[in-house]
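Enquirer: Got a sequence here, can you build the structure:
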Amino acid sequence: MNTIILFWNPSISSYKFEDFQRELEEISDGYNDMNWSVWEYEKAHQGDRFFMVRCGEGNTGICMSGYFTSKPYKAEDWSGRGRETFYMDLEPDVMIHPEYSPILTTKELAASIPSFDWTGGHSGRLLNEADAEKLENIWKSFIEKNDGIFTMRAFRQEVDPSDYVEDDSMHIEDDSMHTIICYMSFTDDGKVKVFNRKYDIDKSFLSIDEAKRFANDSLKKCIDKGKKVEFEFCNVESENQERFFKIADTLLALNMPSLYYKLLYEQFDEANLLTTALYCLIKFGKETITSLQNQGFPDEVMDGVKALLPADGETEKQYIDRIKENSLAFDLKMDMLEKELDIVLLEKVTIDDVDRLNKALKLFRELRKADLAMVD
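Expert: Okay, here's the model as predicted:
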């Protein structure tokens, strides 16, 4: 297994700090679709080790490690200069945001392994075997020493490199080799985002159809243009994908208050996402409990939706007593009320807003009181 050193200079790269932060959050939730240009691609193989060094200005040093998950492939030059550029897909096992957390610095690397230029240059250069072994030991000590940093600004996972090493004698071709997956998710401003990092697709639209057209048009120009394109909505299981795309398009067309799109944007669990989406459909008049009842949604989701909806003639106390029995609905309602009480989301505060906010504040306090009572 070879060790390849990648370099990242955010001031000149197409990959910015916000891209790193987004990758950090997405990989923490189980999504990974990263690639990087490799200068010495002839020496790099699927299953090889990589380390990424942030260079240029600021806190420089190793901010990522992991393994290559593909062979090198040729694609459009990220810099726009038309150079012949080869990329490799990768799976991080450690990511550390270099602006918010300590990293193994360029100075420390240069002192320990002076034979390699750690300040920059071509990204994707081979590290010799002796230096690679030394780097692994240094990196292991650094990780153990700083184990407490692995929060939302740092991520660590177990990766088995043997999963990515190709065995030609056992090679079985499957449909995934001929398929490009583009992922979709809600944005917090009432749009849908379509993305695939490998093919540099990342844009938001007002409808599912617009997002799909953009992705398909973009992929017609790529090196893998002959592959089949499929779309998946993030955090939704395969059996619910087709239905959820229809639900998502309906929600996007509703022009709901921003707090509901923010609520949808923040759901990373299928049950939470489905419950929130179905609740919104009912609240804004597109469905009823009866119309949803026979569509095959999980009982957990339907129970959560019913718990969120106040019943006719129900007092506030009765509503609180009922909703606190359903943890999924309780958590979503608390989150909903917190967003409703965030007046920064309003363009201005009207008399009607004051009345609504006072009611929301009262309900929030009662629910929080009930929550604390349950904990005690």
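
Enquirer: wait, what's in contact with residue 257?
Expert: Going by C-beta atoms under 8 Å, 6 or more residues apart in numbering, residue 257 touches residue 345. For the C-beta atoms, the positions are set from N, CA and C on the backbone; glycine is no exception.

Enquirer: do the same with residue 365
Expert: Applying C-beta under 8 Å, 6+ apart, no residues contact residue 365.

Enquirer: just residue 305 next, same as before
Expert: Per C-beta under 8 Å, 6+ apart, neighbours of residue 305: 275, 278, 279, 282, 289, 292, 329.

Enquirer: Sticking with residue 10, tell me its helix or strand.
Expert: Using DSSP states H and E, residue 10 maps to neither a helix nor a strand.

Enquirer: ok so, going back, just the buried ones out of the contacts of residue 305, please.
Expert: Applying 16 or more other C-beta atoms under 10 Å to the contacts of residue 305, the neighbour count classes 275, 278, 279, 282, 292, 329 as buried.

Enquirer: Closest to residue 149 out of these?
Expert: Distances from residue 149 to the buried ones among the contacts of residue 305, taken as C-beta to C-beta, are shortest for residue 275 (33.6 Å).

Enquirer: I figured residue 295 hits residue 243, correct?
Expert: Yes - using C-beta atoms under 8 Å, residue 295 is in contact with residue 243, at 7.1 Å.

Enquirer: Give me the more crowded residue out of those two.
Expert: Just comparing residue 295 and residue 243: by other C-beta atoms under 10 Å the higher neighbour count belongs to residue 243, 14 against 11.

Enquirer: What strand or helix carries the more buried one?
Expert: Counting by DSSP H and E, the element that carries residue 243 is helix 241-253.

Enquirer: before we move on, back to that, biggest separation within the contacts of residue 305, which pair?
Expert: Pairwise distances across those (C-beta to C-beta) peak at 15.0 Å, for the pair 292 and 329.

Enquirer: rewinding a little: could you export the contacts of residue 305 as TSV, including pLDDT, secondary structure and distance to residue 196?
Expert: As requested, those are exported to TSV (pLDDT from 0 to 100; DSSP: H, G, I helix; E, B strand; the rest coil; distance: C-beta to C-beta, whole Å):
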residue	pLDDT	secondary structure	distance to residue 196
275	94	helix	28
278	96	helix	28
279	94	helix	30
282	94	helix	33
289	92	helix	37
292	91	helix	32
329	85	helix	34
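
Enquirer: I'd like to know which of these is nearest to residue 54.
Expert: The nearest member of the contacts of residue 305 to residue 54, counting by C-beta to C-beta, is residue 275 at 39.8 Å.

Enquirer: helix or strand right after the host helix or strand of residue 337?
Expert: Per DSSP H and E: residue 337 is located in helix 327-340. Sequence-wise, the next helix or strand downstream of helix 327-340 (DSSP H and E) is helix 351-375.

Enquirer: buried set for that next one?
Expert: Those would be 360, 363, 364, 367, for helix 351-375 by 16+ other C-beta under 10 Å.

Enquirer: now, which of those residues sits nearest residue 157?
Expert: Lowest distance from residue 157 to those (C-beta to C-beta) belongs to residue 367, with 35.3 Å.

Enquirer: any weak-confidence spans in the stretch 51-200 of the chain?
Expert: The model of the stretch 51-200 of the chain has pLDDT under 70 over residues 151-152, 163-177.

Enquirer: Where do the strands of it begin and end?
Expert: Taking DSSP state E, counting those that start in this stretch, the strands of the stretch 51-200 of the chain run over residues 61-68, 73-75, 85-96, 104-105, 125-127, 154-156, 179-186, 192-196.

Enquirer: Can you list the neighbours in contact with whatever helix or strand comes next after the last one?
Expert: Sequence order places strand 201-205 as the next helix or strand after strand 192-196, per DSSP H and E. Outside strand 201-205, the residues within contact range by C-beta under 8 Å, 6+ apart are 182, 187, 189, 191-196, 211, 214-215, 218-219.
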